[in-house]
Structures are given as structure tokens and as C-alpha cells.
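Enquirer: the sequence and its predicted three-dimensional model are supplied below.
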Amino acid sequence: MNHAITLTVNGVVREASVPARRLLSDCLRHDLGLTGTHVGCEHGVCGACTVLLDGEPVRSCLTFAVTADGHEITTVEGLAGDDGLSPVQRAFTECHGLQCGFCTPGFLCTVTAFLRETPAPTEEEVLEAVSGNLCRCTGYQNIIKAVHRAAEIQAEEAR
Amino acid sequence: MTTKLFGEPVQRREDERLITGRGRYLDDLGANALAAAFVRSPHAHARIREIDVSGALDVEGLVAIYTWEDLPGLLAEPLPLLIPHPALTHGRTGHALARDVVRHVGEPVVMVVAADRYLAEDACALIEVDYEILKPVVGVEEAAQAVNLVHEDVPGNIGAHLVQEVPSASGQSAREAIEAAPHTLAFRLDIERSASMPLEGKGVYARWDSDDQSLRVYSSTQTSTSVRMAIAAKLGLPLPKVEVIAPDVGGGFGVKIVHPWPEEVLVPWAARQLGREIKWTEDRREHFISSSHERAQVHYVRVGFDDAGRVLGLDVNILHDHGAYTPYGIIVPIITSTQLVGPYKLGAYRVEFSSIYTNTVQVTPYRGAGRPQAVFCMERTMDRIAAHLGLDRTEVRAANFIQPDEFPFDQGMTFQDGRPLIYDSGDYPESLRMLKEIIGWDSFPAMKAEAAAEGRIIGIGIGCYVEGTGVGPYEGGHVQITSDGRVHVSTGLTSQGQGHETVFAQIAATELGVPIEKVSVVTGDTRRFGYAVGTFASRAAVMSGNAIALACRKVREKALRVAADALEADPRDLEITDGVVHVAGAPSASIPLATVAVLSNPLRYSFDQETQRATQFASPAPADRPPVAEGEEPGMEGKDYYSPVRSTFASGMHAAIVETDPLTAEIRILRYAVVHDCGKLINPMIVEGQIHGGVGQGVGGALYEKMVYDEHGQLLNASFMDFLMPYATEVPRIETAHLETPSPLNPLGVKGAGEAGVIPVSAVIAAAIEDAEGITIDKMPISPPELWELRRSR
Amino acid sequence: MKPPPFDYHRPASLGEALDALAEAGGHGKVLAGGQSLIPLLNMRLAAPGHLVDINRLTELDTIAADASGVRVGALARHAAVERSASAKAAQPLLAQALRLVAHPVIRNRGTVVGSLVHADPSAEMPAVLALLGGSVRLARRGAEREVAATDFFVGPLESALLPGELAVSAFFPALPGRSGTAFCEVARRHGDYAMAGVAAAVTLDEDFRIAAAKVACVSVGPVPVVVDVSQVCGTRPVASVDWDAVAGAVQDTIEPEDDIHATAEYRRHLTGVLVTRALREAAHDAAQDAARAAGEGQA
């Protein structure tokens, strides 16, 4: 049996009809065509599928689409503003914080929420913030650098 | 604005789409495709008695169920053995769907096609396979005893056996040299099983066009051209009717160079059979139990050396666990055998390996491909020699180094590409000097004493390697300048996240003198380039990079020729800057490359103002010669191939300082330093990223990752919960320095960089722990419980 | 890795939820944060016929703290409890333990009560509840019962929750004055389940001697192993406690097993190390608490 759900994704109201067992990750990717959210493990460890649910980063592979009914979701496709790439996105490019790019959407969503809460993070805070996301390419060094750089860009632009 | 982009840290051109969610990975394609899923063997070794699919037939959305008996012709035959070798006397490969016997947990038995993956998995769960359990063979040493056999017709479970001998200058064999040496040591070294484990699993999406009788296949592969040939062969299709495209690939690290995976032939076959688009996206569980592993080897080492620590003879016997099948031949143990000698000039060398079947997932190259094991052997040997003689570990290495004036240096063996193992260039003493300075090697004893006074345990380790990169046989590049001034570059080699679109554009922009914004690069698409080998063995920059440079040079030469005609100048006086051809020193006499492209293609029809200049009445060719001159071709394009005489040898040295907890035996890396020589750097930012990533994987291999099989052949940690890939919290900051000894073998002077980072890490960490603890470390990876156990049994 | 099908219920009130669970009986399962349940479903290691999604029941999204302790509602996420100043003031061990639960993103979604019901002996929350002698309130249609931690954790991944019941809240009692707590663990990777971990609570007497000391150990038995070490510590200042004896007493009580990440012997050893470490930290914390109380008394 399918359930009619309504999600506000990246500011746009979207409707879908999904079986109860449809994972939010699959709903976003296959029902709504937002394939920017990636699926790396489907048991909540890798973090590639991280999206923002009412502003908080969550694993979309560990959330049913029906549970998200009526809520707001931000995916990687929604991070850039009208004025272009977000500071986090720009910092990841600038610092070479991605290689194959598969884990990147999860990092970008996680870091976006983190810097909103913690605009001037310490090294330790940055490590803790990204400690639940696996990357097999970068060795993380440039990701850490990118988080600090994003904080810097945000601060510069807030001035 | 400069067009000299070679060597600059140019930001990546692939990033914009990847950070905005517009990448196109395999599962992002084929929104309307049916989904495939597989029933896989739950047993390590069993005979299939019966397959009962009746329970699944009522599943809503079910489209088809296939077993081996449904497969026609060549599809029913074993999968290809990709790299035969005379020593691989008993090579064996699996079937696309298991026939009679399954030989590892995860082997595909039944293929299900359904409306979506949820339903396909529902159907899989309802299919019953009756197995007769056979005795599993697990563990390379158990397998070598051959109490039970993996393949009935492979005696001793031995797939291959190879001996390579390099006698000393005086003709002494390694064993003789060891006997005669003033000092000898013998020991055993172990490395456990790990895997590439890209964040994106494999995946195949196929669509059959029945009107056109053609097949298009997308695969998350490291070699689209070869997948194409395999599919055409297995399905009996004419090659021109098959297109294979590697879309954005979410990491590979070796596992995706193997082909055709069962799914790569089954999905296209079923798509054609059903006349429907079909997609298979591997999930993580499947990846663990059905995609290749690597690393597991046991090494018995005997070494003889003199008072200065110079190795007079080295004799290594390797047991290589290659799992249930050998689709990729014996490349891994060959690489271990040949790269073991590292940056050293050994007196005499003998290496022997036996490649052994076990009822586990097959073993094929994972980043480093046998080298981490090789370096672990050689570097642990160097450390043992130093300990035995009471010498500094770096002194022993220096005493054995090949010197900068000794290149080319012939190691006297045959490398993995079937070519002689001759090092082209390098400067090992300088590397060591740089590394010691960065890590503070000479001041470490004081630091260690200071730490000890505080009750802390720290240690330092070092590891050196030489890596044969850029193996042949060839890669090609195609470059076309169109009448809008854009430059279109393609190479058949695929990409898996290394930034090829950027570095190849840098090369083309530099060679052609055009702004990089004008250059676009396509990789791994057989519609654009049909001849290629693939991305592996740190070969993309060397192979495709040089091929593209050569193709650009052809185009450039033609452009200058055409421009010279138009400008009535001597081509030798022309330069290209910012996409404009001009006379050197007379910038007013110029013509844009776009116009040159127009002029290069005599037209009957034109579609815009620009191309009107090339039409027959606007620009008539001299009456006495054809519009396209003899030996010329229309258009501003060029294609060329780079096929090296042999590999080029990159090198590097790493050092680490570790701290171990006196109570819990936790191991922390305090510092990690890398000196790396990959010849000329095309993009230092990208090379640095490759090193970081490699070291990160190396740390995983040294301290966290191993595949744990039980005695029944069940993989006990087939999840990211239990296969411990490092997070950001586990990887140290990496300090890097570059040394550039250009390769004399290729026009760009480059060497490969992709695998380097991972190679010496286990050796380095083992050495550092050994130094900290005063306990011999001869097995990696090592965990706190294992270190604690070693302490107890000291 | 896709979950098997199930019937989905999304009650709008606690009553509706209990009705749904009552009807589902043994085939029903509650979905709160889903951070433990959904992986099991995706791997098809669990296949409940009915899933009762309580995410709409805002009445269960509560954190109520007072001098007696903290009552956490079934829908309170780990992150919310971790950040709650009042919860921290009433029972600091909660935040000390929560920062060790998986990763921040998991804590955004996972619930404290869900962790308790999952009853993983390697998890932090059950150990905290067990150490503090807390309880879980279980509701069923028309009835409610409060089950003490000792009775709640029955075995590995097994709690006293009966079919038809919903764990609506858990109560984490506060400690008396002059008390301190700590949670120490060692995991293979940051955020992994611990190879061993110890929650500790220490109460000091007026003379800053140990009046009570207790630990709860994770990953070394089928349920969190609580050991009262007051006797072994003795009524003496922290500096003169025989820590080896204390560690030994705990090591004698636990029943660790081998697994792929650590041997039983190592877990036993590690538990000993962590017992000492956690108790000392807790005692230090208690001393500060006592000093603070003394300061306030003077003021």
C-alpha cells in the first residue's frame, strides 16, 4: 500500500506516493529525481546520504520517507543560493576537499549545519563534526582544511 | 593571462557538478530502468542440488528470474581469465551465475529482475536453493596443506608457482650468497586481507535499442573499452553495436579494473532479452562478499648481509591467497616479487611464490597491488638488519641504495607488464635526506627520552619504496578544435575521481596555448575513443597524459601550418597565445585558432558567419590542387597514442612517529611525513590529494582494516560497522615534500602518483611501533588488543 | 539492502499508538529514531509485520529534570538530551555518556529511550540507566508499569518490553550531593561501540572520603554489569584507595567474550584500566561538587 506524502525539499513542496518501507534516500533519489544524495552503505555508517531534516543533519538511509512527511528537507542540490555556491561548497573546491565526490554531498550537508551552529570552530570541533562521515579518497586532510576555510569565508562575508 | 598551466595547482573542473549534486554516478542514471538483484551463495563451498524459484513467482513487479541453465552460448562459459601467465598453470574463473559448485560466500547463483530493487530483493528472499555443503578451505596455510580442495582439478590448491632468480654480479645465487654471508637472519612476515572498498559500489545499467540493434551500457568501471569488448564477445554482438560508458565513478582503487564482472554481462544480456532497460546497483553487503579483496600474504624471508648492513643475498618465499578464482591472473604476487627490491641494489635475489586457492572472495589488485606487502617485507628486513648490527636504520638503507648516477638501473627481473624491470630515474639519497630533516630523525632519540621521562611511549619508523608506474601497453588521446575555438579532448581511459578532467585540460591548454576554459575533456566513453586500457597502476597521467600531449602536438603543428598559409608566414615563426596564432614578436599579424579550425575544413555548406569563410566560393583553393591537400585530412583534429618501452619508476619514503598507551595499548600516530617523487608534477594540489588519500588508506590497512573469515568461510565483518575504515578522527595530518626527478622515458617527464601514498604505510607504522615498544612487529594490521597480547607474551 | 514490507501505523496520539501495538501484538515494533532498527531492517535481519511510527507523538518529546533526576520521553533525541542544560544539571552523566554515542548525526535522530529498549550491552545508555538505578516506564493499552533497570535489561538485545508495550519514558535518578560521575571507554574508531567502557559514580562524605562508589561496565557481559565497589574502595580518601584491588573486584565480576574486535582477556584488562580511570574522574568530579556545595554553604 502506498502513502501520499508531502515534503518541502530545498524550499519546494514536493509530493510523492511511496510504500511505507521506502527509505528517504530512495525517495529523494528515485521518486523526486534528486540524485545528489548518495547511498554508500544503507546501514547508517558512511554518512554519504546525510541530508538536513528540518535543518538538522540526519542519515536519509535510516529514515523512512513516510516519517519525513510534512517536514523540510535540504539536500546538496539546495545548498547553493541565488548568489551562487555556498561558502562550504566553495571551500571544498578551493581546498581540494573532494576527489571522486561520492561522499561529498554528505559532508557538505553535515558541515553546513555544523557551521551554522559553530561559526568559529576549533580543530577538535571540526574533527568531531565530520567524524561520522567516511571518505575513501582524500585522507580527510583537505576536508578538515575546507571546513576551516568555509568558516573563514562565512566570517568574511558576514562582515 | 598565462596559458602555461602545466605544473600549476589549478582548481578542479569536475568539482562544480560534484558539489552541487549534479554528478552522474551509475545509480543516478536510468530512472525508468528495471532493477536487478541476486541470490548469492550463503556457503563458502557447496554443490547446488536444486533451485526452486516457485515461491518468488507471485512477487508483485517480478519480471524475470535467471539461473545458469538459462544462459546461452558463451555466457554460460566461465568468465575470462584476463591476464594469462605461463606460471598460472591452473587458472580458474567463475561463471556469471554459478554452475554446480559455489566456491565463496557471495557467489551469484540466481538473477532476479523486477520493477524496483525492493521487489527484486523480496523475490530473492523467496527463492530456495538446496545446497550440499562441501568442506571449505579457509586460510592460505591451511589451503597449502591441501586437505580439502577448492577446485577438484587443482591439486594442492596451487594455481600458480613462480621463481625468479637474480644472481650476484659474481654469479652467486641468492642462497649461496646467504650461506656465505657474515650475518644471516630468517623470519616470517604476514599481511592480512583488506579491500579497495570505494564508497560507491559497482553498478551496471544497460539499454538495448531494438530498432538500432545496438546496446548501450553504463558501468562503474575502471575500463570501459575492455568491458565493451567483453560484452560484445560474450553476447556475440558486433563491436560497433556496443557502447560502454563509465560515468562519474565513486572511487575504484582497483576493484573496478576487474571485468567483466558477472553483472557486466548479465545485465546487458537480460536487457536485450527482455527489451527493457535494466540496472543493477551493488549494495554494501554485496560489495563485501562478491567484489575483490587483496593483500593477504605470508612471506618467509632469509637474508644474508655484511657488517655495513649491505644485503648480499635475499631469499623470499611467498604464499599468496588469491581466493576462489584468478580472473586477473597473478599480477599481485608478481608485483610483490618484483617491487620487493625497492630502492636497493641487492647482492643476489631469489623470490618464489605459490598462489593458493581458498574458498573466499577472489583477490585482485587494490591500490598498491602487492607493493604494500613487498615494502613490508623489504623494510622490515632492513630494520632487522639494523637491529642485528646495532646500526641506525637509515644508515642501513643508505648503504644499500642505488645511487643517482646508476640509472638506468636493471634489477634483472620481468615486471608485471612483461617488460624488463629497469628503473629509469630517481634520487634516493636525497629523498632520505629530505625525509630525515622533515621528521627530525636525528633529534628523535632526545624526544623519545623526554617522553619516557613523562611515562609516555613513542617510536619512529621509516619506509622506502619504488613503484613501477604507467604500465603499457598504451593509451590514446584525441584532440579536436572546433570552429567556435573550443578544444575537445578525449581519452578512452576512465576516471575514478583523480581529477583527470583537470590535469588533461592543463596538458592540452599548455600544449595548444589556449585558455583552459576552452578545453573540455571526456574520459572512458567508447563513443568518443575506442582504444584504451584503463585507469590502474598509477598510469593515467603517464599514459593518457602523454598521449594527449602528443595528439595536441599534432594538432598544433597542423594549426600552425594552416595559420602560416593564411598569414603568409613561416610556421616556425608562429606561436599560439590565448587561443590566437601570431607571428612571434609581431602580435598584430594574428589569427584566432577558431578561424584556423574553420580554414582547416573546406566547406560546401555553412551554417554561420564564421564558417562562411571556408566555403568553396569564399575561399577557393588554388585551381591546381585539391581542396584537401594530399596527405591532409579536413578539420583541426589529431589523435595519437603513447606506448612506452617500459614502466617509469616513481619512488618515495615515509616516516612516522607513533605513541602507544602504556595501559590500553592504543596506538596513535603523532606525525606522518612523506617525501614523494613522481617526476614532473602536472598539478601539485592533485598529487598532494592523491598522497593524502593513499596514506589514509594505508593507515586503515596498518591499524584498522581486515577481512575476518571464520573457519566456515563466512565473512564476519561484512559491514562498515565492523570493517573499520578510518574516519577523519583516525587519520593523522600528513606532511609532504616533493622531489622531482623527471622521467626520461616520456615527453612530459611524469611518473604515476595514484597508488604511492598507500604503499609503505604498514611498514612505517610497524617500524614505529616496534621502536616504541621494543617488540618485534611481523604481522599487520595491528590493533590495541593484539599489541597488548604481544606485550604480555614478551 | 532494502527493508522488507510491513504495515505502517502513524498514530496521532499515545492512545492510538497503544491500540496499534496491542493489535499488532508480537508482530509489532515501535519506530522512534530508527538508528538501530532501520539498519536491521535494511539488512533484512528483522522483519516486523507492523511498524508503529511514534514520531508524531510530540507528547513524548520531553525532557523533564528536577532535583530528583531526569525523565526522558520516548521521542527525546540523543542530541536534545545531550544539549539540555537542565538534564545536565540534574544528572551530568547523561551528557558525559551521550557524547560517546555513535556520531553527532546519529544522535540527531536516535532516541535515548530507543537505545535503552535496544538493550545492546555495548551501548552507553543502558549502562548509565543501570548504574544510576533508573527505570523505564512501559505503557500498554489501559496500563502502565515502571520497570527498574535491573529487571529491564534481560540479555543481549533483549529487554523486558512485552509485545503490545511502548516504552514511553525513562527515569535517570540524580545522585546525592557530593557526588561525581564519569564515562570512560575505548573504541576501535571514534564513535564505534566500545571494546570496553565504564560508567562510574562516586559520592564523598563530609571528610572527602569515599562514601559510595559504583561502576557499570559495557561490552563485558550480556547486559550492563553493575558493580558496587564502595566496600573495596573503603571509607578513605581517593588518594589512598587501592585501585588495583578495585579494578580486580570488577574484573572478577564481568564475563567478557571474544569477538572480532577484541579478545575477552583484553576486554577484562581494559575494563580494569577504565574502572580506575572512571572512578578517579568521578571522584575528582565529586570533590569539585563537594567543594562547590561547601562554597555555597559558606556564602
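Expert: Everything's here; your move.
Enquirer: all helices of the chain, in order?
Expert: Picked chain A for this. Assigned by DSSP state H, the helices in chain A fall at A:24-26, A:87-94, A:104-117, A:123-130, A:141-158.
Enquirer: wait, chain C was what I had in mind.
Expert: With DSSP H as the criterion, chain C has helices spanning C:14-24, C:37-42, C:78-83, C:85-90, C:93-98, C:104-109, C:112-118, C:124-132, C:149-152, C:230-233, C:243-253, C:264-298.
Enquirer: ok, back up a step: possible to save the helices of chain A as JSON lines with distance to B:Glu511, mean pLDDT and mean neighbour count?
Expert: No exception for glycine: its C-beta is placed from N, CA and C like everyone else's. What follows is these, written out as JSON lines (distance: least, Cβ to Cβ, whole Å; pLDDT from 0 to 100; neighbours: other Cβ atoms under 10 Å in any protein chain shown):
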{"stretch": "helix A:24-26", "distance to B:Glu511": "43", "mean pLDDT": "98", "mean neighbour count": "26"}
{"stretch": "helix A:87-94", "distance to B:Glu511": "25", "mean pLDDT": "98", "mean neighbour count": "24"}
{"stretch": "helix A:104-117", "distance to B:Glu511": "31", "mean pLDDT": "98", "mean neighbour count": "25"}
{"stretch": "helix A:123-130", "distance to B:Glu511": "39", "mean pLDDT": "97", "mean neighbour count": "18"}
{"stretch": "helix A:141-158", "distance to B:Glu511": "28", "mean pLDDT": "96", "mean neighbour count": "19"}
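Enquirer: state the distance from the closest residue to B:Val138 other than its chain neighbours to B:Lys135.
Expert: Excluding its sequence neighbours, the residue lying closest to B:Val138 (Cβ to Cβ, 6 or more residues apart in numbering or on different chains) is B:Gly713, at 4.9 Å. Shown here: B:Gly713 relative to B:Lys135, a distance of 10 Å by Cβ to Cβ, to the nearest Å.
Enquirer: what about the closest residue to B:Ile83 other than its chain neighbours, which SS state?
Expert: Using Cβ to Cβ, 6+ apart and skipping residues adjacent in sequence, the residue nearest B:Ile83 is B:Gly329, 3.4 Å away. Recorded secondary structure, B:Gly329: coil (DSSP: H, G, I helix; E, B strand; the rest coil).
Enquirer: check contacts around B:Gly329.
Expert: B:81-85, B:88, B:91 (Cβ atoms under 8 Å, 6 or more residues apart in numbering or on different chains).
Enquirer: just to revisit the earlier point, out of B:Gly713 and B:Lys135, which sits in the more crowded spot?
Expert: B:Gly713 (24 against 15; other Cβ atoms under 10 Å in any protein chain shown).
Enquirer: give me the domain ranges for chain A.
Expert: Using automatic domain parsing, the domains assigned to chain A come out as A:2-78, A:87-158.
Enquirer: how distant is the first one from the center of its chain?
Expert: Yep, that's domain A:2-78 we're talking about. 11 Å (Cα atoms, centre = their mean, to the nearest Å).
Enquirer: can you check the distance spanned by it, start to finish?
Expert: 27 Å (Cα to Cα, to the nearest Å).
Enquirer: for the last one, same thing?
Expert: Across domain A:87-158, the straight-line distance between its terminal residues is 11 Å, by Cα to Cα.
Enquirer: not counting sequence-adjacent ones, nearest residue to C:Gly123?
Expert: Not quite, residue C:123 is Ala, not Gly. C:Ser115 (5.6 Å).
Enquirer: kindly apply the preceding question to C:Ala80 instead.
Expert: C:Ile63 (6.4 Å).
Enquirer: same check, this time on A:Ile144
Expert: A:Val126 is the one closest to A:Ile144 (Cβ to Cβ, 6+ apart), at 5.7 Å.
Enquirer: give the contact list for that neighbour.
Expert: Contacts of A:Val126 (Cβ under 8 Å, 6+ apart): A:114, A:144, A:147-148.
Enquirer: tabulate the residues you listed (JSON lines), appending distance to C:Thr271.
Expert: Shown next, in JSON lines, are those (distance: Cβ to Cβ, whole Å):
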{"residue": "A:Phe114", "distance to C:Thr271": "34"}
{"residue": "A:Ile144", "distance to C:Thr271": "33"}
{"residue": "A:Val147", "distance to C:Thr271": "36"}
{"residue": "A:His148", "distance to C:Thr271": "38"}
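Enquirer: I am finished for the moment; much appreciated.
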